[in-house]
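>>> Pasting the sequence and the predicted coordinates here, then a few questions.
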Amino acid sequence: MPVSKDSAQSADGTADGPAVRPQPRAATPTGAGTAVPPKVLAALRRYRVAAFIVGWGLIILCVTMVAKYAFGQDWTVAVWGPIHGVLYVGYVLLAFDLAYKDRWSLGGTLWVLLAGVIPGVSFVAERQVHRKVLARQKI
């Protein structure tokens, strides 16, 4: 006797009735079983944008320093230096906001703040922070 997809088969090959299918778990933002609080997700989004902007801002600052010292273009650093300073202050504030809301360790917070002053490292720190916050691991 053919058995439909919706019924379970016993050991002797007869149908026992409808199969009991496990219900899917409610989806969480992390996929790890522990939901990330909305206030942490919002702070994480703001931090990620700031890390991206500061990362590129620092690369631009390095280019302007090359233009200043190699080509005598003093105005480049005079213009971009203060802009990058304001961007970094925003990065620090947003990193502290996320660190406070997600209860980071002092060492993790300092690592993220230091990442904003080394060219390219803010991109690495942002990926690491994003992964750990979503996995609900401590930083």
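Arrived safely, thanks for sending. Keep in mind that what you see is a predicted model, and the values were worked out from it rather than measured.
>>> From residue 73, how far off is residue 81?
The gap separating residue 81 from residue 73 is 13 Å, by Cβ to Cβ, to the nearest Å. Glycine gets a C-beta too; all of them are placed from N, C-alpha and C.
>>> Give me the common contacts of these two.
Residues touching both residue 81 and residue 73 by Cβ atoms under 8 Å, 6 or more residues apart in numbering: residue 64.
>>> Report all helices and strands that the longest helix along the chain contacts.
With secondary structure taken from DSSP state H, the chain has its longest helix at helix 38-71. Judged by 3 or more Cβ pairs under 8 Å, 6 or more residues apart in numbering; DSSP states H and E, helix 38-71 is in contact with helix 74-102, helix 121-134.
>>> Run the angle between it and helix 121-134 for me.
Between helix 38-71 and helix 121-134, the angle comes out at 170 degrees (axes from the mean of the first three to the mean of the last three Cα atoms, to 10 degrees).
>>> and residue 35, that's in a helix?
No: secondary structure of residue 35 (DSSP: H, G, I helix; E, B strand; the rest coil): coil, not part of a helix.
>>> from the helices and strands packed on helix 38-71, which stretch is densest packed?
Most buried of those, by mean neighbour count (mean count of other Cβ atoms under 10 Å): helix 121-134, with a mean of 18.
>>> what mean pLDDT does it have?
When pLDDT is averaged along helix 121-134, the result is 95.
>>> right, so of the helices and strands packed on helix 38-71, which gets closest to residue 65?
Among the helices and strands packed on helix 38-71, the nearest to residue 65 by Cβ to Cβ is helix 74-102 (6.0 Å).
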